[in-house]
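Enquirer: Need a 3D model of the sequence below.
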Amino acid sequence: MFITNADLSNINKPFVAMYGGSFNPIHTGHIQLAQYFVSELGLEKLLLIPDNTPPHKSNSAMVSPQHRYNMCLLAAENLPKIEVSDIELKRQGKSYTVDTLIQLSEIYKNSQLFLIMGADMFLSLTTWRNFREIFKLAVVCAVPRDSDDVRTLSRYGGTLEKYGCKYVIADEHMMNVSSTEIRENIKLSKSINGMVCPKVSQYIYDNSLYMG
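Expert: A predicted model of the protein is given here:
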């Protein structure tokens, strides 16, 4: 279930979601989150969109966009309604969400767009480029890190309403693994079994990613 201020039952068009991020690397928590929203919202399609150059993050531990895109393809294999898009890689430069949503609104003209993100991103939305335009283009979906986060996100959602934000907040947390933890484990030669899917794990070691 989820908490929302949007009347989704009255929207009579396909639901398409954008789930962007660095995916450095993509892990089981990302996939669990994607599958949650596909199921709970009844999505027609969910697009995993690795960014080219994230505006909010340092590039010190970032592998190439192509590697991150390839890992997303492997992780999304055989997952119903989940696809990987290279829309931000093709655009080049810094990957601003508003630009991607504008493009997607042209591609999926007859669909309702959703934007999926983690708690930290949701709580920083008013610092994003053209955030008011984002709120016009998509319903924002957020996932808490823990049970306390549900209340925090709900309160902040109320603050965002004055900017016209429609939101959906998951009432359960599911991100029990982080890309940072995976990179650290690899650097320290620790296991990443269960943290990424087997094909992504094989790709990381075949390409010597995150090893130093």
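
Enquirer: From now on I want contacts and neighbour counts done on CA atoms only, so please keep to that.
Expert: OK.

Enquirer: Sheet-wise, list the partners of the helix or strand containing residue 113 with their directions.
Expert: Using DSSP states H and E, residue 113 sits within strand 112-118. Strand pairing for strand 112-118, using DSSP bridges, gives strand 15-21 (parallel), strand 139-143 (parallel).

Enquirer: So which of the ones you listed is the most surrounded?
Expert: A comparison of the strands paired with strand 112-118 by mean neighbour count, using mean count of other C-alpha atoms under 10 Å, puts strand 139-143 on top with a mean of 25.

Enquirer: Show me how far that one is from its chain's centre.
Expert: Mean-position distance between strand 139-143 and its chain equals 10 Å (C-alpha atoms, centre = their mean, to the nearest Å).

Enquirer: And for that strand, what's in contact with it?
Expert: With C-alpha atoms under 8 Å, 6 or more residues apart in numbering as the test, strand 139-143 has contacts from 6, 33, 113-119, 122, 153, 165-174.

Enquirer: Just the buried ones from the residues you listed?
Expert: Buried by 16 or more other C-alpha atoms under 10 Å: 33, 113-119, 122, 153, 165-171, 173-174, out of the contacts of strand 139-143.

Enquirer: Distance-wise, check the residue found closest to residue 108 once you drop the neighbours it is linked to in the chain relative to residue 48.
Expert: Excluding the flanking residues, the one nearest residue 108 by C-alpha to C-alpha, 6 or more residues apart in numbering is residue 16, at 7.9 Å. Remark: distance between residue 16 and residue 48 (C-alpha to C-alpha, to the nearest Å) = 11 Å.

Enquirer: Could you verify my assumption that residue 5 touches residue 164?
Expert: No: if you go by C-alpha atoms under 8 Å, residue 5 and residue 164 don't touch, sitting 10.6 Å apart.
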